[in-house]
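Novice: What follows is a protein structure lacking sequence information:
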């Protein structure tokens, strides 16, 4: 199969997986990616977006690490949905992560579906999509691939690495594995490991995808199908965990959807039902089901303390990084206590660390929203770090 | 189709839906069930279990209302699973609900799948299973059918009506609709309405069932299929909501399932994954998928205050019932504040009400488990009510 045939066989949303609207860093067999599973990915590519200008001494680079279902399009319209970048309220000209001041990089994670090599990419050995033949990857693998991209861009030390949720896991991994190369780090709504409940919800999502016969044992691209229903159920489930009970009550309560009485049927009588169905439906247009399996698995496997003999503080022994940890009071996916565990470990390791719990009823999703307290805190931290780094106003 | 042919076409677990191992109260066209939807169920049956002996003045009857996925087999081995009755730690000889002292009734709710008329039952008009032609039922309908059963048994006033979760909703409905007939009421881990988050989780379950092609638009019994995968995903999702995050952490944490290292695969590496898959698998052996849709819908629709002009206290204006309300500190499906709403309304209505929040990390499921504080409180309440009712020791 040549590239054109393959692109044709991918469904509507998939071409971005093989022909992304992004810059590409291609790594050949001379630069393989050594994965935590022991598998070597002998060639791969990373799709990324850059914003702003790298300064002369290459000291103003900020890496943004994306959460599970976002991608490299952090501050530009999304090539599939046309919606603004997922963190365009934070990243852009004159924003807190000011692209007129900083050189901002955001890459699609390895295992993703927006152009970085993942299960929807072509396996060079077979000429077909990897599907489940793609090796299971970890947060460590994501970060190792990002480090190779940062090398390729000629940058030694990042001024800041910033991420929330799965992105925050990557920031922690950066500080642990490449502490010398991270001047400052911001971790939002995240944790140093996945809890049993986190794993449980992800397992629901995976079982929903795999239960869909259109998943075809993972080979749906070749089969010309798409496990839309299964992936929609997975998304709906995850979506509940992104919102707090209070936010659901405030936004939806028991309000009915465009009707004055219940219909005594299984229609979406309640606004919350209609909302969830919509969230499921739009997600499948832009995300690859197998990628969803792989990225949730990577989060499940993340346990930074376990990688350091059970002592999280040991993960940061060599880090000279300045840390800022942010949690959200109503986040029940990564509750504040998970952030506190990180703060304690950093204190034990003697690291410089600030911590803020933002009071909000918006749940886990708050880190993606307009949260003035989060913004003002992040701004103060970044301004201070910029002064220390010798980056003038 | 005659009865034998139909029984044959039902899969392994289904015969209980048409030929239950329980007593049956059959209501013909002369005693139709008027449903809240406006539909009239012109003939129906209720499957029930009884324990103990009704005393001469018929003053010692206790009705147990079952939660969503339980049934009438409250204190005897289950006819499908062979496991002990679901509340046999509470109900039985010498137990708190002492079957040597009380006459205990437990009936399968209308819409259920253990012998009471529901979507798996035969539609007398067509000779085929109702499937989605069964009318959508409510908690009010369940209670109206139970009241007809209680009439049939010749009982006017129940000494106690007891239930948790969906069973608790029925107890509230009993006290509201038939307050004069309820001497005392115990409501555990329940609420006077379903929250947006409750509805959201149920909607996930329904979408998972309906997304399974073996659901066959609801006609899986006729088609000889069973939406096992979809129903298993629904059960797995619900199961997370029955446990607290702390209980999940204590029971499973990040423990691996019979292996010392992760497998870098989508196998059930973690005990929590294995546990959930098991829960999903065993559930589909004993429960009907359409029943699951109907019973969750009934819970979603429940809003006792809305039925009384927005004032929950008005629901209890005519009740002379003694109430005992129990919540569990780690129950996030029906948090303590939902019980407090009921207690406040009962206080406003001038009802006799006791309330206890049991401190436990076991989550919603706690009401089904051995909780000494719950038991001792219930025992005290029942003993006191028995004295007032003139039921000697």
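Specialist: Great, that's in hand. Given the structure is predicted, the values throughout are model-derived calculations rather than measurements. Numbers count the residues shown, from 1 in each chain, chains lettered A, B, ... in the order given.

Novice: Now do the helices in chain A.
Specialist: Shown for chain A, the helices assigned by DSSP state H span residues A:3-9, A:15-18, A:139-152, A:166-177, A:196-211, A:220-223, A:228-242, A:245-251, A:271-283, A:289-301, A:336-348, A:372-389.

Novice: tell me the most buried of the ones you listed?
Specialist: Ranked by mean neighbour count, the helices of chain A are led by helix A:166-177 with a mean of 27 (mean count of other CB atoms under 10 Å in any protein chain shown). All C-beta spots, glycine's among them, are computed from the backbone N, C-alpha and C.

Novice: Return, as residue ranges, the portions of the stretch 1-150 of chain A with sub-threshold pLDDT.
Specialist: A:1-14 (pLDDT under 70).

Novice: Report how many residues lie close to the closest residue in space to residue A:339 that isn't next to it in sequence.
Specialist: Distances taken as CB to CB, 6 or more residues apart in numbering or on different chains place residue A:327 nearest to residue A:339, at 3.8 Å, with adjacent residues excluded. For residue A:327, the count of nearby residues is 25 (other CB atoms under 10 Å in any protein chain shown).

Novice: The most centrally placed residue in chain A and residue A:112: what is the separation?
Specialist: For chain A, the residue nearest the mean C-alpha position is residue A:67 (1.8 Å; CA atoms, centre = their mean). Distance, residue A:67 to residue A:112, by CB to CB, to the nearest Å: 11 Å.

Novice: near chain B, which residues of the stretch 51-200 of chain A show up?
Specialist: The stretch 51-200 of chain A has residues A:132, A:135-136, A:193-197, A:199-200 near chain B, with proximity defined as CB under 8 Å from any CB of the partner chain.

Novice: before we move on, back to that, could you verify my assumption that the residue nearest to residue A:339 touches residue A:358?
Specialist: Yes. Residue A:327 is within contact range of residue A:358, at 7.2 Å (criterion: CB atoms under 8 Å).

Novice: Identify the contacts common to these two.
Specialist: When CB atoms under 8 Å, 6 or more residues apart in numbering or on different chains defines a contact, no residue borders residue A:327 and residue A:358 alike.

Novice: on that earlier part again, what's the closest of the helices of chain A to residue B:338?
Specialist: Proximity to residue B:338 (CB to CB) singles out helix A:245-251 among those, at 10.9 Å.

Novice: I'd like the mean pLDDT over that closest one, please.
Specialist: Helix A:245-251 carries an average pLDDT of 94.

Novice: What of stretch A:370-386?
Specialist: 97.

Novice: do stretch A:278-291 as well
Specialist: Rounded mean pLDDT across stretch A:278-291 is 95.

Novice: if we look at that stretch, which residues are touching it?
Specialist: Contacts of stretch A:278-291 (CB under 8 Å, 6+ apart): A:12-14, A:17, A:69, A:78, A:80-81, A:111-113, A:118-120, A:131-132, A:134, A:209, A:215, A:218, A:220, A:226-228, A:230-233, A:235-236, A:239, B:207.

Novice: ok, now stretch A:383-393?
Specialist: Contacts of stretch A:383-393 (CB under 8 Å, 6+ apart): A:55, A:59-60, A:101, A:159-160, A:183-184, A:322.
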